[in-house]
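> Everything below, folded, please.
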Amino acid sequence: MHALNLNSISVYVHWPFCLAKCPYCDFNSHVRETVDEGKMAAAMTTEIDYYAGLVGARSVKSIFFGGGTPSLMSATTVDTVINRLSKRFSIDSDIEITLEANPTSVEAGKFDDFSKAGVNRVSLGIQALNTKDLIALGREHSLKEAFEAIELSQKYFKRSNFDLIYARMGQSVSDWQKELHQALKIANGHLSLYQLTIEPGTPFYGQLHSGKIIIPNEDTSAEMYDLTNQICESAGYEIYEISNYAKVGQQSKHNLTYWKYLDYIGIGAGAHGRITLAGQTYATMQYKKPETWLKAVQMNGHATKVKENLNQKAMAEEMIMMGLRLTDGIAYTDFKNRLGTDIEKFIAMDSLVSLKSQGFVSVKNQDRLRLTEKGRPLLNQILGQILV
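Numbering: from 1, shown residues only. Sure thing, here's the model as predicted:
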């Protein structure tokens, strides 16, 4: 059914612990007074063994340690995971191994050891370049630590990225313009720039609705987005995905695996995966709560709560949702190779024609569907209109 390159695969490793829960975060992250890292590492290697047996001999092209806060791990744990992956799979010679890190001095102090363990790319959760907003966002690091961590990340890793959040509380367009220029001066080829989104269930959600915090309105946010694209482009950073900007050759290989709808294994509490076995693609999800996950691995050799056989419609929706995040969009031939059928089958063509005439989408030479610059900020609304 799927002409997918089954020779290569990516691996996502989830470390579910944080020092504190940020008020805007809705990720699977947990605060614990103590963590038995030895048990966690042993369980992660057990899951690697399980998935290696399941997917067979494939070459790993990227590993991503996400979270939570993976930089809270010891370098020994990171080394243990990378070693087990290299024993159970062949490893691409130009593999990308990314670790998400917070810029506190304790975590930045481990960068040398992480590098020696095999990590060659770090992604720093900076979020703001001023003290007032770092405090308001509930971050654990100071502005001084942020700048020091950026400097250290560039010393110890060949490639690095840092995240910033804009359209923050009380932020003006000119505030963001100054901050972005400052960020570009110290960046190293890749930036992730996210608009603040307030998710239900987070502390910020209640504060927004009670009027305790005020965020920029839609028009101001849209102006910030346009400005972000212009400033980054003029600095040689191309937008390749809705929130990601990179110089040539600096795009995140691992994240492109998700956006191009390729196979990846999810290891660790709450990790998701997409794996193709005997021509059928499965969605996998591990138990979320760390204690439940650990117990399940110890009992069963893995903690896969869900292994769902995806039908063609579910896959088509996921591939369109992920692919339209990319500036390049979705090649019709890639879609057909992956799903064995044409993309038109899953798209409301009358809506597509209408959106095209309004300048929100473009269909290049009838072989590639992509959002225009005008359409990118409206991805969710556009998906609602074009998915059958």
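> can you list the domains in the protein?
Annotated domains of the chain cover 8-258, 313-386 [automatic domain parsing].
> Just put those domains in CSV and tack on distance to P290, mean pLDDT and mean neighbour count.
In short, each C-beta sits where N, CA and C put it, glycine included. Shown next, in CSV, are these (distance: least, C-beta to C-beta, whole Å; pLDDT from 0 to 100; neighbours: other C-beta atoms under 10 Å):
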stretch, distance to P290, mean pLDDT, mean neighbour count
domain 8-258, 5, 91, 18
domain 313-386, 27, 94, 16
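> biggest helix in the chain, by residue count?
If you go by DSSP state H, the chain has its longest helix at helix 37-55.
> Just give me how far that one sits from the chain centre.
Distance of helix 37-55 from the chain centroid (C-alpha atoms, centre = their mean, to the nearest Å) equals 22 Å.
> And that helix, what does it pack against?
strand 8-15, helix 75-88, strand 264-267, strand 272-277, helix 290-300 (3 or more C-beta pairs under 8 Å, 6 or more residues apart in numbering; DSSP states H and E).
> what about those, which gets the closest to K185?
Of all the helices and strands packed on helix 37-55, it is helix 75-88 that lies closest to K185, at 29.9 Å by C-beta to C-beta.
> elements contacting that closest one?
Using 3+ C-beta pairs under 8 Å, 6+ apart as the contact test, the elements touching helix 75-88 are helix 37-55, strand 59-67, strand 90-101, helix 111-117.
> would you list those in a markdown table and tack on distance to S362?
As requested, the helices and strands packed on helix 75-88 are arranged in a markdown table below (distance: least, C-beta to C-beta, whole Å):
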| stretch | distance to S362 |
| --- | --- |
| helix 37-55 | 36 |
| strand 59-67 | 29 |
| strand 90-101 | 30 |
| helix 111-117 | 41 |
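> mind checking which of these is nearest L164?
With C-beta to C-beta as the measure, strand 90-101 is the member of the helices and strands packed on helix 75-88 nearest L164 (14.4 Å).
> from what I can see F111 touches Y156, true?
Yes - taking C-beta atoms under 8 Å as the definition, F111 is a contact partner of Y156 at 4.4 Å.
> Of the domains of the chain, which is nearest G301?
When those are compared by C-beta to C-beta, domain 8-258 sits nearest G301, at 5.1 Å.
> Give me the distance from that closest one to the chain's centre.
For domain 8-258, the distance to the chain centre is 8 Å (C-alpha atoms, centre = their mean).
> In contact with L99, which residues are there?
Counting by C-beta atoms under 8 Å, 6 or more residues apart in numbering, L99 touches 65, 70-71, 78, 114, 119, 121-123.
> quick one on the thing from earlier: mind listing the shared neighbours of F111 and Y156?
With C-beta under 8 Å, 6+ apart as the test, F111 and Y156 both reach V122.
> burial of the closest residue to W293 other than its chain neighbours, as a residue count?
Leaving aside its sequence neighbours, W293 sits nearest to A269 (C-beta to C-beta, 6 or more residues apart in numbering; 3.8 Å). Each residue near A269 was counted by other C-beta atoms under 10 Å, and the total is 28.
> The one 10 residues further on now?
For G279, the tally of surrounding residues (other C-beta under 10 Å) stands at 11.
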